[in-house]
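1. What shape does this take:
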Amino acid sequence: MEKLAAVNVMNWTGRIIDVRGYDEFAAERLAKAECVPLDRILSAASQWDPSERLLLMCKSGMRSGKAAEQLAQVGFKNLLTLEGGIEACEAAGIEIVRSRQPIPIFRQVMVAAGAILLIGLALAHFSPWFLLIDAFVAVGLVVAGLTGFCPMAKLLAVMPWNAPSSCTSKSCC
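-> Purely as a prediction, here's the structure:
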């Protein structure tokens, strides 16, 4: 896969796709980049022209390489990855747009789960059936810990406070 050095990113004339998560993108990004997380790249790409020039980037270059492989498998030809990612851009003195940074998703899950557990315990004072709320949350946390899939995290990730503060395309919002 062809790579573009960070020092050349300001001369790039094609589209820049940042494959990091929304929270990372909201915290720091290139001004011309649009956010399409790696787990959504193929669905978003179904709306793109496969001959379009795309520069894929992430924090250090690992996820953008995976995105390039996925896109190449579905017929995209003009793909480059940003060598070293946003870290290399910062080291090269490229202007990075920084904005508010939401609480990390894993901490949001802890706060939400804790709040739901406390509410369930408080409501159990009125009826023991409300303890089922706590049991449901506890099972969900155990399953998330064992499988790595957390529905609460997926739900929180799409909440408005976790969306990028400014979008450059419909695919990032």
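2. Next, the contact list for the closest residue to Cys89 other than its chain neighbours, please.
-> In space, Cys89 comes closest to Ala6 once its chain neighbours are excluded; the distance is 4.6 Å by C-beta to C-beta, 6 or more residues apart in numbering. For glycine as for every other residue, the C-beta is placed from the backbone atoms N, C-alpha and C. Going by C-beta atoms under 8 Å, 6 or more residues apart in numbering, Ala6 touches 82-84, 88-89, 91-92, 94.
3. Isn't Glu83 up against Lys3?
-> Yes: counting by C-beta atoms under 8 Å, Glu83 does reach Lys3; the two are 4.1 Å apart.
4. Those two - which one has more neighbours?
-> Ranked by neighbour count (other C-beta atoms under 10 Å), Glu83 and Lys3 place Glu83 first, with 19 against 15.
5. Return the residues in contact with the more buried one.
-> Contact analysis of Glu83 by C-beta under 8 Å, 6+ apart lists 3-6, 61.
6. ok, now how distant is the spatially most central residue of the chain from Ala67?
-> Centroid-nearest residue in the chain: Gly21, 1.2 Å away (criterion: C-alpha atoms, centre = their mean). From Gly21 across to Ala67, the span is 13 Å (C-beta to C-beta, to the nearest Å).
7. ok, Ala31 - contacts?
-> Contacts of Ala31 (C-beta under 8 Å, 6+ apart): 95, 97.
8. Phi and psi next, for it.
-> When read as degrees, to the nearest 10, the backbone of Ala31 gives phi -60, psi -40.
9. The one 3 residues further on too?
-> Here the main-chain torsion angles of Glu34 (degrees, to the nearest 10) amount to phi -120, psi 150.
10. so it touches Tyr22, yeah?
-> No: in this structure Glu34 lies outside contact range of Tyr22 using C-beta under 8 Å: 11.6 Å.
11. Which strand residues bridge Ile17?
-> Beta-bridge pairing of Ile17 under DSSP bridges involves Glu34, Leu56.
12. So what's the residue count around it?
-> There are 27 residues near Ile17, going by other C-beta under 10 Å.
13. could you list every residue that touches it?
-> With contact taken as C-beta under 8 Å, 6+ apart, Ile17 is in contact with 33-34, 36, 41, 54-57, 67.
14. and which of those is nearest Asn162?
-> If you rank the contacts of Ile17 by distance to Asn162 using C-beta to C-beta, Val36 comes first, at 15.3 Å.
15. Please name every helix or strand in contact with the least confident helix or strand in the chain by mean pLDDT.
-> When the helices and strands of the chain are scored by mean pLDDT, DSSP states H and E, helix 22-27 comes last with a mean of 84. If contacts are counted by 3 or more C-beta pairs under 8 Å, 6 or more residues apart in numbering; DSSP states H and E, helix 22-27 sits against strand 33-35.
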